[in-house]
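> Need a 3D model of the sequence below.
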Amino acid sequence: MSILSPEGTALLYLVAAVCFILALKGLGSPATARRGNLLGALGALLAMIVVFLSTELDNLALILGVIAVGTIIAVPASRLVKMTQMPQLVALFNGVGGGAAALVALLELEHSDTVGAFLAVAFTVLVGSIAFSGSIITFLKLQELMPTRPIIFPGQAIVIVLLVVLGLVVATLIVLDDAALAALGMAGIKGVAAVVGLIVGLTLGVLLVLPVGGADVPIVISLLNAGTGLAVAASGLVLSNTLLLVAGTLVGASGSILTREMAKAMGRSVAGILFGAFAGGSTAGSTVASDRPVRSSTPEDVAILLGYAQRVIVVPGYGLAVAQAQHTMAELASTLEAKGIEVVFGIHPVAGRMPGHMNVLLAEANVPYEVLAEMSEVNPQFKTADVALVVGANDVVNPAAKTSPGSPIYGMPILDVAAARQVVFLKRSMRPGFAGIENELLFEPQTTLLFGDAKDSLTSVLSAVKRL
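Okay, the predicted model is just below:
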């Protein structure tokens, strides 16, 4: 017997939905992101409690056992994951959500009895399974458990088209009523069609993500996240659950907007990201180090450049996250500011492996939000900067985005560090960035390179600056 009345259930679901909406709004700013995250977690907890209080559950012990197992896995994984591996965690969470929605829809097929319900089942099974398998491939690519370069094989595009057609046929068979199926000699085929749809979706997810390589992978994570949201929304229709419909729609809409903004920041279309490899236009993800001569320096020389500058613009990138050097960078910035030097952090929208990666990393080191400048704000300032200090970034400052039409990042808006009087790159080696292309800025006369682990290099520079 349920404890909550239908009215009470609807009211608490509304409260949970409001929490989700406020959470999404809070996540739009670094200053309110923590509060937004907590609101979202509160809404999810409330929704789960409402389910237990408003539903007559069978197999309660099994349900509680599964929740316990999930908690035991998720809590340590979430707390121990490194910031550099956050995109992989997001990919896994997203994939699990899509897969769960697909399985729920598959199980609810026998309880559906309207065209709308069957349509929701077909959509959820196909899109949820695509999101699941596609997210697993993005995880494997980002974790470098498989090649990050685009993977294509002869006839792959034709196979994808055929699978899409088969998916539409399967969806049609699920939606058709029993009388129509009987007339076609296919009575009782809905269950088989749904299972085939699941297999088609899983295969499509793999084939759609394999051709994506290099810096495009995080954008695909966002796109798959949008797909998971839509699948969850459709599963809300299947289960007649308004909260799932609202939450799924929020995720689908925000994921779609984020995908568009990330693609815009990369100067690429979503279609080009997904299918560019078939035309030879996707990022290649090369890891071959250049052997061209460059001007290298010592920590003491870099300290002199920084210590006698008036304005320094720091451009953080993935290498800063890998080295866990954000705290050392924050201390260096504070030391320079204490000497009367203006320090600004220039943040590219896709620096790192996901939007907001650098903002979160620097906030963790207590870098004030006021000194974090977005690309449109900081680009005009480079021409008045004495030093642009690039820490672990490469693709987001690569002039090839403006000067090389054949480059895979051509058209991507970049941070104009080349306009600074002096450019200092902190790099581990001469390997290219995630997009797999050489950066001509490294070989310009105003550019100096300091090789080594970013944290070690920054520690040495910091010590030298303090001695000035």
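
> What distance do you get for the residue lying closest to Met266 once chain neighbours are set aside to Val302?
Counting by Cβ to Cβ, 6 or more residues apart in numbering, Met266 lies nearest to Met412, which is 4.9 Å off, once chain neighbours are set aside. C-beta: built from backbone N, CA, C; applies to glycine. Here the distance between Met412 and Val302 works out to 28 Å (Cβ to Cβ, to the nearest Å).

> What of Gly346?
18 Å.

> and those two? which has more neighbours close in?
The neighbour count for Gly346 versus Val302, taken as other Cβ atoms under 10 Å, is higher for Gly346 (29 against 24).

> Setting aside sequence neighbours, what's the nearest residue to the more buried one?
Closest to Gly346 by Cβ to Cβ, 6+ apart is Val378, at 3.9 Å.

> can you check Leu27 too?
Gly36 (4.3 Å).

> got any ranges where the protein has weak pLDDT?
For the chain, residues meeting the criterion pLDDT under 70 lie at 1-2, 214-215, 267, 279-291, 353, 433-436.

> the longest helix in it is where?
helix 115-142 (DSSP state H).

> Give me the distance from that helix to the chain's centre.
In terms of Cα atoms, centre = their mean, to the nearest Å, the centre of helix 115-142 is found 17 Å from the chain centre.

> Please report the number of neighbouring residues for Leu181.
17.

> now Val165
11.

> same deal with Pro380?
Using other Cβ under 10 Å, Pro380 has 10 neighbouring residues.

> Kindly report the same for Ala120.
24.

> And for Val343?
Val343 - counted by other Cβ under 10 Å - has 22 other residues nearby.

> Roughly how far does it sit from Met329?
In terms of Cβ to Cβ, Val343 sits 10 Å off from Met329.

> which residues do these two both contact?
Jointly contacting Val343 and Met329 under the rule Cβ atoms under 8 Å, 6 or more residues apart in numbering are Val314.

> quick one: the strands in this protein?
Applying DSSP state E to the chain gives strands spanning 311-316, 342-347, 372-374, 387-391, 422-427, 447-451.

> now the first one against strand 387-391, angle please.
Relative orientation of strand 311-316 with respect to strand 387-391: 20 degrees, computed using axes from the mean of the first three to the mean of the last three Cα atoms, to 10 degrees.

> could you say what helices and strands strand 311-316 packs with?
Applying 3 or more Cβ pairs under 8 Å, 6 or more residues apart in numbering; DSSP states H and E, one finds that strand 311-316 contacts helix 326-338, strand 342-347, helix 357-364, strand 387-391.

> of all these, which lies closest to Val175?
helix 357-364 (41.5 Å; Cβ to Cβ).

> Pull the number of nearby residues for the nearest residue to Val246 once chain neighbours are set aside.
Closest residue in space to Val246, ignoring its immediate chain neighbours: Ala17 at 4.5 Å, by Cβ to Cβ, 6+ apart. By other Cβ under 10 Å, the residues close to Ala17 number 20.
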